[in-house]
Structures are given as C-alpha cells and as structure tokens.
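How does the following fold in three dimensions:
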Amino acid sequence: MRKIVILFLFGLILATTVYADIFEVHIEEINARVFRNETATYKVIFSNNANVPLSFRVYSPDVEWNIKTDPLDEYLFQVYPGEKKEAIVSVKPTESITLPGPYSVPLNIRNEETKRLEERTLNFYLRSEDAPKQYVATILANIESEQLLDPRKPFSLKILLENKNKKKIEGLSIVARSELDNVNLDEKISLGSLEKKNFEYEFELNSKQKPGTYKIDFNFVYANETLTKEEQLVEILPIIPTFEKETYIEDGFLINKITGEYKNTGNIASTQKVFIPLGKVESWFSSADQEAKLVSGKEIGYEWELTLESNETKNVSIKVSYAPIIYVLLLLTLCVVFLFVLKRPVTVSKSVENVHIKDNAVIGFTVIVKLKNVANSPIRDIEVKESVPDLVIVDEHFQSILKPEKIVRTDAETIMKWKVEDLEPKEERIIRYTVKSKFPIVGQLLLDRTQATYRIETKEKMSFSDKVSLGPKKE
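Alright, predicted model coming up:
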C-alpha cells in the first residue's frame with residue numbers, strides 16, 4: 001500500500017513540474033577552514049517547487065567524515081510546497097584524516113518521494129596544527145521581511161544574527177545593496193559571546209518604483225573578510241490609484257474655460273475615464289476636443305478616456321461661450337429694425353371673386369383691391385394704380401364708392417388710377433371692379449400687382465399687392 005501511495009505522489013509531482021525541477025538544493029560555506037578539533041559548518045537550502053510536501057535525507061557515503069545536521073532532531077527535512085528551508089550541516093574529520101590541506105567531502109541529499117539523489121561536494125580545509133591558531137569569527141544570519149511590498153508604505157526588514165563563537169565580535173559590518181531605490185545599508189554592529197541579536201530597519205520606498213521582483217544582497221564583513229552572504233527577494237506590487245484631479249476655471253468676457261489636470265500617482269501606466277461636470281445651461285454653450293464625449297445622465301458633463309504613464313500629468317479643457325446668445329440677440333434686433341424700416345404703413349391686397357367660366361374657359365370676374373392704414377397716423381393723398389391686360393375689358397359701371405380718376409387704354413393694357421385723399425389709422429378702403437374677357441380664356445391669366453403711392457413726411461413711399469393668377473380648374 002505504501003508503494004502505491006509513493007508512486008501516486010511521484011506521478012503527481014512529475015505532472016505538475018514539466019518545465020522545472022521539482023526541488024533545488026543550494027549549499028553555502030559558513031566556516032570551511034578548521035583545525036582538527038574544530039567543526040566546519042555549511043548552510044544547505046532546500047527549495048520545494050512541487051505541489052506536494054517533499055522530504056530530504058542528508059548524509060555522507062564516506063565514513064571518514066562525521067556529518068551532523070542542525071536541528072539534530074530532524075532525521076528527515078520536510079519542506080512544504082513553495083517553501084524554502086535551511087539546515088546547518090557540521091563536518092568533522094575522523095582520526096584517519098591527519099594531513100592538513102584541502103579535502104572534498106562527498107555529501108548526498110536524497111528526496112524520499114522521488115528517490116532522486118543529489119551528489120554534492122563540500123570544500124573542506126584542514127588547517128595545520130603547527131601554524132599559530134587565529135581566531136575565525138563565525139556567524140549565522142537570517143533575513144526576514146515582507147515579500148509583497150506596497151511602495152507607498154515603509155518597508156521593514158529584520159536581520160537575526162548569531163555569534164557561533166565564544167569570543168565577542170566588534171565592528172561587524174552589515175552591508176546591503178539593492179536595485180530598490182532607497183534600500184541600502186552600511187552599518188557596524190557588535191555581537192557578544194554566542195549572542196543572538198535582532199536588528200530591525202525601516203526604509204521609505206520610492207512610491208513610483210516600477211512593479212517587479214527585486215533582489216537585496218547582504219554581506220556580513222569582519223576584518224575585511226566576508227563571513228557570510230545572504231539575499232532576499234521582494235516584489236513591488238502594481239499600484240493603480242484613481243487619477244489625482246485639480247480643476248481650474250478661467251473667467252473671461254462671455255467665454256469661460258474649465259481645465260482639468262489629471263496625474264497618475266501610481267507606479268504603472270493606467271487607463272481611466274475622467275469627467276468634468278457642467279450645468280444644464282452651460283452644456284448648451286460648451287465645446288471640447290474631439291476625444292471628449294458629452295454625457296447626460298444624473299450629471300451632465302464631458303468624459304475622456306486618458307492613458308497616463310506613472311507620474312504623468314495631462315490637461316483636458318472645456319470652453320463655455322455665451323457669445324452665440326449675443327449674436328442671436330443682435331440678429332433679432334437687426335431683423336426687427338429691418339422689418340421696421342421695410343414695413344409699409346399702407347398695405348395693399350388683391351383678390352378676385354365671381355369668376356365666370358363657360359366651356360371650361362374664363363369669361364369674366366370681379367377684382368377686389370383693399371387698402372389699409374396700419375400706421376398710427378393718417379396718410380393723405382394716396383394714389384392707387386391698377387392695370388389689366390388687353391385680353392379683358394373693364395366694366396366702367398364701378399360697384400365701389402371709389403371711382404377711378406383716370407382710365408387709359410393702350411394696345412397692351414388698361415390702366416386705372418384712383419385718388420384716396422386720406423386714410424385714417426387702421427382704416428380700410430375697398431376698390432371693386434368687374435371685367436369681361438374679349439374671348440374665352442382657356443389658360444391661366446396673370447393680373448399684375450396693384451401699386452399705392454403716398455408720402456411720409458417728405459419721402460415718397462410705395463406699397464404693392466401680390467400678383468393674382470386665375471383660370472379654369474384642372475380636372
């Protein structure tokens with residue numbers, strides 16, 4: 001049953017790690033140069049890239065070396081998915097190793113689930129007993145920090161240092177360098193005998209730092225020698241806040257300009273819709289560039305879609321011009337003045353009635369001319385001139401009170417003139433006369449305009465009626 005479970009786990013691991021190793025092992029030297037009675041130390045870092053927990057066994061196939069792990073109680077090192085775990089491996093030579101000098105210590109790391117074996121070599125240097133012993137400082141370092149960082153907030157970092165020797169360490173330099181803006185460190189500290197000590201630091205990040213993964217390198221230097229190195233990976237998150245907005249209004253004569261200034265305070269490019277509200281009346285007289293869209297809803301105004309890079313600023317504007325109102329008022333005023341100037345105090349209208357038709361042809365009709373004083377003062381000495389074509393004969397038995405003063409006949413027309421001595425305000429006079437056709441008129445007959453001539457103060461004025469067309473109705 002156990003074999004089946006192991007095979008199942010192994011198959012699952014292979015299925016989920018097609019493009020990468022399911023685990024990684026990294027070894028760093030802590031103190032590899034020792035005397036016979038001392039122990040060399042190394043740091044082993046396990047990385048689990050699989051989707052299930054993995055267990056590792058650490059041992060040496062060479063019996064000439066004594067291998068111990070810290071913590072000692074872990075026979076197998078279990079590492080959970082996506083996790084990194086550190087272990088300290090101590091190496092001490094047996095009595096069979098006597099000659100000073102460099103040695104290669106074989107170290108096997110076996111994954112229990114996949115049975116995969118990593119064969120590594122530890123560089124070991126046995127120092128000569130004849131040489132004067134010098135103090136070798138040995139420390140362990142562990143870095144703790146947040147992995148996902150908001151660049152607008154302070155970045156906190158904790159360093160745990162442990163002095164592995166009994167002698168106090170004075171003037172240990174902590175040196176940190178990073179691609180992150182403002183994250184650099186160079187500080188000297190001291191550690192007591194076998195002391196463990198926490199050091200906490202806080203950095204103000206650049207709020208416009210581009211999103212991505214950044215590495216922080218740590219070097220711990222003592223007496224011009226690097227005792228150990230560490231690195232920490234952190235990720236800057238993308239920050240996409242609402243664009244900051246400032247509104248400016250420029251008031252001018254009949255023209256106002258509203259400008260919206262928008263700024264992207266995030267650390268990545270962003271596309272957002274921005275809106276400048278207007279009053280209903282303002283919107284009637286407003287205009288904006290082609291990229292803007294006039295929106296009507298709960299609020300009326302213009303909307304833009306802006307794309308801004310990090311820390312970029314862009315302006316949009318609306319122009320509200322009340323000049324068209326003035327233009328319309330001026331035009332209306334001119335029209336009123338024009339109409340007043342052109343308006344005639346005497347109106348003349350012309351119509352026909354009693355049209356006699358025989359065999360679908362006009363043989364006679366009555367013409368009615370109306371004069372009316374539309375002014376507020378009387379008008380004197382109005383001369384009315386009327387003409388009819390030679391196709392018809394005017395009946396000289398005029399039915400109206402007004403009789404023509406003169407009738408002139410020519411080959412082309414008959415001209416009649418009336419004299420109206422006075423016409424009081426709003427008074428109307430009617431001229432009526434009857435004509436007969438010399439022969440039946442089959443087509444349309446056009447009667448010319450009636451003309452009224454009079455004087456206003458010293459200026460002679462004329463008023464005209466419309467032309468009148470008549471003829472048999474078409475079936």
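
so where is the stretch 251-400 of the chain shaky, pLDDT-wise?
For the stretch 251-400 of the chain, residues meeting the criterion pLDDT under 70 lie at 290, 339-343, 399-400.

quick one, helices of it?
Ranges of helices in the stretch 251-400 of the chain, per DSSP state H, counting those that start in this stretch, are 280-284, 323-342.

Export those helices as TSV, with columns for distance to residue 53 and mean neighbour count.
C-beta here means a position set from N, CA and C on the backbone, and glycine is covered the same way. Converted to TSV, the helices of the stretch 251-400 of the chain look like this (distance: least, CB to CB, whole Å; neighbours: other CB atoms under 10 Å):
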stretch	distance to residue 53	mean neighbour count
helix 280-284	65	13
helix 323-342	77	10
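
so how far does stretch 186-201 reach from one end to the other?
11 Å (CA to CA, to the nearest Å).

Name the residues that touch it?
Stretch 186-201 is contacted from outside by 139, 156-176, 185, using CB atoms under 8 Å, 6 or more residues apart in numbering.

do the same with stretch 247-262
Taking CB under 8 Å, 6+ apart as the rule, stretch 247-262 contacts 243-246, 274, 276, 278, 306, 308, 313-323, 326.

Please enumerate the helices of the stretch 1-150 of the chain.
Under DSSP H, counting those that start in this stretch, the stretch 1-150 of the chain gives helices at 2-16.

residues making contact with stretch 456-464?
For stretch 456-464, the surrounding residues in contact (CB under 8 Å, 6+ apart) are 344-348, 379, 449-455.

Tell me who's in contact with residue 160.
Residue 160 touches 141-144, 196-199, counting by CB under 8 Å, 6+ apart.

for residue 470, same thing?
By CB under 8 Å, 6+ apart, the residues touching residue 470 are 352, 355, 362, 365, 444-445, 447.

do the same with residue 101
Applying CB under 8 Å, 6+ apart to residue 101 gives the contacts 125-126.

change it to 10 Å
124-128 (CB atoms under 10 Å, 6 or more residues apart in numbering).

Per-residue pLDDT of it, please?
pLDDT recorded at residue 101 is 84.

who's it bridged to?
Going by DSSP bridges, residue 101 is paired in beta bridges with residue 126.

and what of the one 5 residues further on?
Here residue 106 shows beta-bridge partners residue 121, assigned using DSSP bridges.

on that earlier part again, which among the contacts of stretch 186-201 end up buried?
139, 157, 159, 161, 163-164, 169, 172-176, 185 (16 or more other CB atoms under 10 Å).

Export those as TSV, with columns for pLDDT.
Shown next, in TSV, are these (pLDDT from 0 to 100):
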residue	pLDDT
139	92
157	94
159	95
161	95
163	92
164	88
169	90
172	93
173	94
174	95
175	95
176	95
185	94
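
now what about stretch 293-300, what contacts it?
Stretch 293-300 has contacts (CB under 10 Å, 6+ apart) with 273, 275-284, 286-288, 301-305, 318.

now the end-to-end length of that stretch.
End-to-end distance for stretch 293-300: 11 Å, by CA to CA.

Check the gap between residue 126 and residue 97 for me.
Counting by CB to CB, to the nearest Å, the gap from residue 126 to residue 97 is 7 Å.

brain fart, residue 436
Look at residue 436 and residue 97: by CB to CB, they are 154 Å apart.

Which strands border the helix or strand residue 170 falls within, and is each parallel or antiparallel?
In the assignment (DSSP states H and E), residue 170 maps to strand 169-178. If you go by DSSP bridges, strand 169-178 pairs up with strand 185-191 (antiparallel), strand 212-222 (antiparallel).

With distance to residue 462 as added columns, please give those in JSON lines.
Output for those, formatted as JSON lines (distance: least, CB to CB, whole Å):
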{"stretch": "strand 185-191", "distance to residue 462": "104"}
{"stretch": "strand 212-222", "distance to residue 462": "90"}
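
Residue 45: which of these is closest?
Of all the strands paired with strand 169-178, it is strand 212-222 that lies closest to residue 45, at 14.4 Å by CB to CB.

Name the residues of the closest one that come out as buried.
Neighbour-count burial for strand 212-222 [16+ other CB under 10 Å]: 214, 216, 218-222.

How about the contacts made by residue 137?
Neighbour list for residue 137: 31, 163-165, 167-170, 172, 191, 220, 222-223, 225, 227 [criterion: CB under 10 Å, 6+ apart].

on that earlier part again, quick one: which of the contacts of residue 470 is most hemmed in?
For these, the largest number of neighbours (other CB atoms under 10 Å) sits with residue 362, at 24 neighbours.

From residue 356, how far out is that residue?
Applying CB to CB to residue 362 and residue 356 gives a distance of 7 Å.

Find the residues that touch each one of those two.
Common contact partners of residue 362 and residue 356 (CB under 10 Å, 6+ apart): 436-437.

ok, residue 26 - how many residues close by?
Number of residues near residue 26 (other CB under 10 Å) recorded here: 12.

again, but for the one 5 residues further on
Other residues lying near residue 31 total 19 when counted by other CB under 10 Å.

what's the closest non-adjacent residue to it?
Leaving out its chain neighbours, the residue that sits closest to residue 31 by CB to CB, 6 or more residues apart in numbering is residue 138, at 4.6 Å.

Give me the phi and psi for residue 296.
Torsion angles at residue 296 (phi, psi; degrees, to the nearest 10) stand at phi -120, psi 130.

What about it, how many residues nearby?
Using other CB under 10 Å, residue 296 has 9 neighbouring residues.

follow-up on the earlier one: please convert the helices of the stretch 251-400 of the chain to CSV, extending it with distance to residue 93.
Shown next, in CSV, are the helices of the stretch 251-400 of the chain (distance: least, CB to CB, whole Å):
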stretch, distance to residue 93
helix 280-284, 90
helix 323-342, 98
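
what pLDDT, on average, does the helix or strand residue 234 falls within get?
Using DSSP H and E, residue 234 maps to strand 225-236. What strand 225-236 shows for mean pLDDT is 92.

so how far is that strand off the chain centroid?
Here the centre of strand 225-236 is set off from its chain's centre by 40 Å, with CA atoms, centre = their mean, to the nearest Å.

Filter the contacts of residue 101 down to the buried ones.
By neighbour count, with 16+ other CB under 10 Å, the contacts of residue 101 hold 124, 126-127 as buried.

about what we covered before: next, give me the two most distant ones among the contacts of residue 137.
For the contacts of residue 137, the farthest-apart pair by CB to CB is 31 and 170; their separation is 18.6 Å.

leaving aside the residues next to it on the chain, what's closest to residue 441?
Distances taken as CB to CB, 6+ apart put residue 362 closest to residue 441, at 4.2 Å, once the chain neighbours are dropped.

thought that neighbour was touching residue 354?
No: Residue 362 is not in contact with residue 354 according to CB atoms under 10 Å; the separation is 11.3 Å.
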